[in-house]
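*Asks:* below: sequence and its predicted model.
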Amino acid sequence: MVRRLILVAVLSALISGAGLRAEDPAPPKTHTVASGPFEVAATFEGAIQSHGAAEIQIKPEEWTAFTVESAIESGELVQAGEELVKFETKAFDREFDDLQFQVEAGDLAIKLAQIELELISKTNPLDLEAAERSAQVATEEWDYYQKLGEALERQSVEENLKSVRDMVEGSEEELDQLEKMYKADDLTEETEEIILKRARREVERAQFSLKVSQVHHDRRLEQELPREKRLKEVAKDREALSLTKARVNLPLTLSQKTVELEKLQHAQKQLTDKQQRLKKDKELLTLKSPIDGVVVYGQAERGKWTTTDAMRMSLRRGGAISAHQVIMTIIPDAGAFVWVDIPEKEIGSCRVGQTGDLALTAYPGILLPCELMGHTRVFTKDGIFGGMVEVKAEKDDPRQRPIMTGMTGKLRLVLFSEKEAIAVPSTAVFADEDNTNLRYVYITVEGAEPRQQPVEVGLSSATKTHIKSGLQAGDKILLTKPEVK
C-alpha cells in the first residue's frame, strides 16, 4: 500500500514537472556568423547611345533662310560624302548678286572719297592763304580809309563842287562881259543875239550842273561816304571772321572727309566680310554625311530621341530649318554605351569601374557585359542622376547584336562583391533609437544575457547586410531583439 502511494506521488510529481516545462518560453533563434561570398547589385533603367554619332546641323556665318528642297529618308544607310539635304538656292543667289553690286558701288565710293580727300588736303592751305590775304586786304583798306581815304574822298567831293561853282561863275562872268562888250561895239544885232544866247545857255547849263553837283555833294557826304565807310568796316570784320572760320573749318573739313572715308572703308569691309561669309555658307546649301552610318531624323539626348517627329515635318520639301539645330544624326556601327537613371539613394554606392550585365528589351535572354564609366554630379531630373555605362561586348562576341541609339534595357550593376565577407540577416541588425546611424547586434553569451555589440555595416542585399567590423566568424547572434525583463 505504501509503495503504491509512493509511486502515485512520484508519477504526480513527474507529470506536474512536465507540465511546468511545457509552459516555459521557447529559446530565441540565433545565427552563426560565417565568412563567405557576398554580392549586392542594383537594377537601373537604361537607354542606348551609339558611339561616334555625327549630329548634322547648319552652322552658317551669315545666311539664315534654309528651305528644304529634298532630304534623305530617316533610316537610310549612307556613306561619307553622300548628300543628306539639299536647300533651295534662288533667294541665296539673289542676295549674293545684290551684295556683289553693293561691293562694287562701295569700291567706287571709296575711290571718289579718296580723291576728294586728297584734293581737300591740297586746297586747304591755298584756301587758308586766300582767306588770310582777303582779311589782310580788308584790314589794309579799312586802315587806309580811316587814316586818309575818307578825308580825300570828302576833299574830292568838295573840290568837285567847287569846280562846278567856278565853272558857273566863269560862265556868268563871261556872259556879263559879253553883254557889256556888245553894248559898246558896232556888231550887228543878229550876231550879238546869237552869241549872247549861246552864253546864256552855257550859264543855265552850268547853274543846273551846279545844282546837280550840290545834290551829289550832299548825298555823297551825308549818305554814300558813311555807307562806304561802314561797308569797308563790315568787310574788314567779315574777312576777319572768314579767316577765323577758315582756320577752324578747313582742318575740321579735312578730318570730316577722313572720317567719312574711314566709315566707307569700314562699311566696305563689312560688306566684303559678309560676302566671304556667304561664300562659305553656300557650301551649306547641300549637306553631306561626314561618316558612314544610318540616318535618323532629330537629336538624341541621353539615349532618347527628342526631336524626331518635329524634324520629320521640317525636312519635308518647303520646310524651314533653323541654324544650329540638329536636324538629323548619323549612327555608325562603332559600339554603344548606356545612359542609366540612378536614384539618389543609390548614387552613393556607385563607383567608376563597377561591372554588370545589360538586358536589352530587343534581345530577351541575352546579357551583355557592362562597366560604369561615370555619372553626373547634378540631377538630370528630380531625384535622378545620370550614369554612363560602357557596353563591353566585342563585335565577334556571340552575345552581341546590332544595337543603336534609342534602344532600351535594364542594367544590373554589381555595387559590392567579395569572396570572403561577413554578411548576416538584415533582421539581426538593429538601429539605435537616438542615432539611426549607429547599428548593433546581440551576441549570445553562454550562461548570461545576450550582449549588445556595435557593428559597422556596409551595403545590404535583399536579405543580408554586410558587416565591415564588429563581428567575426563563429559568433552567434540573435535574429530578433531580446525581450526586456
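*Replies:* Received, thanks. Computed from a prediction, not measured in an experiment: that's the story for all the values here. Residues are numbered from 1 along each chain as shown.

*Asks:* could you use CA atoms for every contact and neighbour count after this?
*Replies:* Noted.

*Asks:* residues contacting residue 343?
*Replies:* Counting by CA atoms under 8 Å, 6 or more residues apart in numbering, residue 343 touches 383-385.

*Asks:* and the pLDDT for it?
*Replies:* For residue 343, the pLDDT comes out at 91.

*Asks:* and residue 363, how many residues sit next to it?
*Replies:* Neighbour count of residue 363, defined by other CA atoms under 10 Å: 14.

*Asks:* that one - that's part of a helix, no?
*Replies:* No - read with DSSP: H, G, I helix; E, B strand; the rest coil, residue 363 is coil and lies in no helix.

*Asks:* just the buried members of the contacts of residue 343?
*Replies:* 384-385 (16 or more other CA atoms under 10 Å).

*Asks:* adding pLDDT, secondary structure and distance to residue 376, write the contacts of residue 343 out as TSV.
*Replies:* Conversion of the contacts of residue 343 to TSV gives the following (pLDDT from 0 to 100; DSSP: H, G, I helix; E, B strand; the rest coil; distance: CA to CA, whole Å):
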residue	pLDDT	secondary structure	distance to residue 376
383	89	coil	12
384	90	strand	10
385	92	strand	6
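
*Asks:* what is the nearest of the contacts of residue 343 to residue 134?
*Replies:* Proximity of the contacts of residue 343 to residue 134 was ranked by CA to CA; the top entry is residue 385 with 88.0 Å.

*Asks:* what's opposite that closest one in the beta bridge?
*Replies:* residue 342, residue 379 (DSSP bridges).

*Asks:* and the contacts of residue 343 as a markdown table, adding distance to residue 296?
*Replies:* Conversion of those to a markdown table gives the following (distance: CA to CA, whole Å):
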| residue | distance to residue 296 |
| --- | --- |
| 383 | 31 |
| 384 | 28 |
| 385 | 27 |
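
*Asks:* quick one, domains of this structure?
*Replies:* Structural domains annotated on the chain: 26-51+335-478, 54-82+289-329, 93-280, as defined by automatic domain parsing.

*Asks:* show the low-confidence segments of the stretch 1-150 of the chain, by residue range.
*Replies:* 1-26 (pLDDT under 70).

*Asks:* how about the strands in it?
*Replies:* For the stretch 1-150 of the chain, the strands defined by DSSP state E, counting those that start in this stretch cover 30-32, 35-50, 54-57, 66-71, 77-78, 83-87.

*Asks:* which one of those strands lies closest to residue 124?
*Replies:* Smallest distance to residue 124 across the strands of the stretch 1-150 of the chain (CA to CA): 52.9 Å, for strand 66-71.

*Asks:* quick one: that closest one to chain centroid distance?
*Replies:* Centroid separation between strand 66-71 and its chain, computed with CA atoms, centre = their mean, to the nearest Å, is 27 Å.

*Asks:* other SSEs contacting that strand?
*Replies:* strand 83-87, strand 320-321 (3 or more CA pairs under 8 Å, 6 or more residues apart in numbering; DSSP states H and E).

*Asks:* by contact count, what packs against the longest one?
*Replies:* Secondary-structure packing of strand 83-87 (3+ CA pairs under 8 Å, 6+ apart): strand 66-71, strand 286-288.

*Asks:* ok, the last one next?
*Replies:* The contact analysis (3+ CA pairs under 8 Å, 6+ apart) places strand 320-321 against strand 66-71.

*Asks:* which residues touch the strand it packs on?
*Replies:* Residues outside strand 66-71 that contact it (CA under 8 Å, 6+ apart) are 84-88, 285, 314-322.

*Asks:* okay, now the sheet partners of that strand, with direction.
*Replies:* Applying DSSP bridges, one finds strand 66-71 paired with strand 83-87 (antiparallel), strand 320-321 (antiparallel).

*Asks:* out of these, nearest to residue 392?
*Replies:* If you check each of the strands paired with strand 66-71 against residue 392 by CA to CA, strand 83-87 wins as the nearest, at 31.9 Å.

*Asks:* chain center to the closest one: distance?
*Replies:* How far strand 83-87 lies from its chain's middle: 28 Å, per CA atoms, centre = their mean.

*Asks:* then stretch 64-79?
*Replies:* For stretch 64-79 - counting by CA atoms, centre = their mean - the centre lies 28 Å from the chain centre.

*Asks:* run through the stretch 301-450 of the chain and note the low-pLDDT ranges.
*Replies:* 393-400.

*Asks:* the longest helix seen in the chain - what's its average pLDDT?
*Replies:* For the chain, the longest helix by residue count, based on DSSP state H, is helix 225-282. Mean pLDDT, computed over helix 225-282, is 94.

*Asks:* give me the helices and strands touching it, please.
*Replies:* helix 90-144, helix 150-184.

*Asks:* mind redoing it with 7 Å?
*Replies:* helix 90-144 (3 or more CA pairs under 7 Å, 6 or more residues apart in numbering; DSSP states H and E).

*Asks:* which helices and strands sit right next to the helix it packs on?
*Replies:* helix 225-282.

*Asks:* okay, angle between the helix it packs on and helix 90-144 too, please.
*Replies:* Between helix 225-282 and helix 90-144, the angle comes out at 160 degrees (axes from the mean of the first three to the mean of the last three CA atoms, to 10 degrees).

*Asks:* tilt between helix 225-282 and helix 150-184?
*Replies:* Using the same axes, to 10 degrees: helix 225-282 against helix 150-184 is 140 degrees.

*Asks:* and helix 225-282, how far out from the chain's middle?
*Replies:* 37 Å.

*Asks:* same deal with stretch 409-429?
*Replies:* With CA atoms, centre = their mean, you get 52 Å for stretch 409-429.

*Asks:* hmm, who's touching it?
*Replies:* Here stretch 409-429 makes contact (CA atoms under 7 Å, 6 or more residues apart in numbering) with 33-47, 349-350, 354-361, 439-441, 463-467, 478-480.

*Asks:* now the buried members of those residues.
*Replies:* 33-34, 38-47, 350, 354-360, 439-441, 464-467, 478-479.

*Asks:* is residue 311 in a helix, a strand, or coil?
*Replies:* Under three-state DSSP, residue 311 comes out as helix.

*Asks:* pLDDT at the residue lying closest to it once chain neighbours are set aside, what is it?
*Replies:* Closest residue in space to residue 311, ignoring its immediate chain neighbours: residue 298 at 5.6 Å, by CA to CA, 6 or more residues apart in numbering. Listed pLDDT for residue 298 reads 93.

*Asks:* can you tell me how far residue 298 sits from residue 439?
*Replies:* Relative to residue 439, residue 298 is positioned 52 Å away (CA to CA, to the nearest Å).

*Asks:* right, and residue 467 touches residue 457 too?
*Replies:* Yes - using CA atoms under 7 Å, residue 467 makes contact with residue 457 at a distance of 4.6 Å.

*Asks:* phi, psi for the closest residue to residue 179 other than its chain neighbours please.
*Replies:* Nearest non-adjacent residue to residue 179, counting by CA to CA, 6+ apart: residue 196, 7.0 Å away. Dihedral pair for residue 196: phi -60, psi -40, per degrees, to the nearest 10.
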